[in-house]
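> based on what follows, work out the 3D shape:
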Amino acid sequence: MAVNETAPPTATAPGAPHKEEILVDRDFAMLVTACRYNLTDRAEAQRSAHDLVELFFTLAKILQVDLFIEAGAKEADSSRRARRTLKPERVVAFEANPFTYKRFARVNADATGVEYEHLALSDEPGTVTLNVRRAADGRPSADGQASLLTRASDQSTDFVEITVDATTLDLYFGDQDFERAALWIDVEGAARPVLNGGRVTLEKAAVVIVEVEDRRFWGEDQWLRPEVLSYLYDRGLVPVARDFQSRYQYNIVLVRSNLFETVDQVRWAVTLFSSGAYGNHSLRNSVQNQKKNRRIRGLWRRKEVLKRVTRKIRGCRPSA
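Numbering: from 1, shown residues only. So this is what the prediction gives:
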């Protein structure tokens, strides 16, 4: 079953559904795609995440984004891929954790074409306190899981507080002349300050992938999925697909509503995703069956050739 392709009507139209109703409908439509995966298998859950990333990059390429932003970059893999495959005018990756930044700074040298920034993204510029988890040996971890928020389950000895410089999306890109942006947001529960600091930037976002949660792992200041999607919907972005990375934490792709309505390739890419054309079992089995059938046909042809040759040889034997 395909995701409902109809873009949500505007809330200002007479008799239009309320935003909450639209987002519930979109949530249900995205949940339906779970049928493509065996979610009791960890590998299948990871495959769903891989498929969603492929959709995100496909949409970004179709929409010809000229700015790529990665928030919570860690090694900035996505930014380097964007530089190679999308070739936007500018690629910027933000990593707040100084230990993670130091670990991957060399990988993201100037030659890669990625601006790898040691900055936190927040709702106002200045400094923020970053909570960095401790590794098994007690030292601050460079695993990319630091957050502006504190996990409710963490003890005070589980993390170390570090003061880091912060900026906002709108301040950082205020002078940037761009038409369409693609945003990758993976900030360990801190979507609220990142999004609040990017109201203007988000108005020009063509496609977004954002990690969301259905449980408050980081306390009351954390925005859950409904709050994140409501905020982005108000910026003109509609959710079109999700993965099933885990039960309560996963990723959602959103597209600008008017582009979803008018760009046929965008609608078709989402349709292919929901149909399983990004690698589900039925597609893989179909490909495997095609290969098997080709092998069988090849063997049959070789067998027929061998029969003909054998008959000719027998026909050439001298009579007794």
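> what ranges do the helices span in this protein?
With helices called from DSSP state H, the chain shows them at 19-31, 42-62, 77-85, 98-104, 169-172, 191-196, 199-203, 225-234, 257-262, 264-275, 281-316.
> residues contacting the residue minimising distance to the centre of the chain?
Centroid-nearest residue in the chain, with CA atoms, centre = their mean: residue 53, separated by 4.0 Å. With contact set as CB atoms under 8 Å, 6 or more residues apart in numbering, residue 53 has these partners: 78, 209. Where C-beta positions appear, they are placed from N, C-alpha and C, glycine not excepted.
> contacting residues for the closest residue to residue 245 other than its chain neighbours?
Using CB to CB, 6 or more residues apart in numbering and skipping the chain neighbours, the partner closest in space to residue 245 is residue 49 (4.6 Å). The neighbours of residue 49, taking CB under 8 Å, 6+ apart as the test, are 243, 244, 245, 250, 251.
> next: residue 191.
Contacts of residue 191 (CB under 8 Å, 6+ apart): 185, 210, 211, 212, 222, 223, 228.
> wait, which of the residues you listed is closest to residue 84?
If you rank the contacts of residue 191 by distance to residue 84 using CB to CB, residue 185 comes first, at 20.6 Å.
> and the closest one, how many neighbours does it have?
A count of nearby residues for residue 185, using other CB atoms under 10 Å, gives 24.
> give me the pLDDT value at residue 134.
The score at residue 134 is 74. That number is its pLDDT.
> surely it meets residue 161?
No. With contact defined as CB atoms under 8 Å, residue 134 does not count as touching residue 161 (11.4 Å).
> okay, the two: which has more neighbours?
Just comparing residue 134 and residue 161: by other CB under 10 Å the higher neighbour count belongs to residue 134, 14 against 10.
> in contact with residue 185, which residues?
Neighbouring residues of residue 185 by CB under 8 Å, 6+ apart: 71, 72, 191, 194, 195, 208, 209, 210, 211.
> mind putting the residues you listed into CSV with distance to residue 120 and pLDDT?
Formatted as CSV, these follow (distance: CB to CB, whole Å; pLDDT from 0 to 100):
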residue, distance to residue 120, pLDDT
71, 9, 96
72, 10, 92
191, 13, 94
194, 9, 97
195, 14, 98
208, 19, 99
209, 20, 99
210, 17, 98
211, 16, 96
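> give me the buried subset of those residues.
71, 72, 191, 194, 195, 208, 209, 210, 211 (16 or more other CB atoms under 10 Å).
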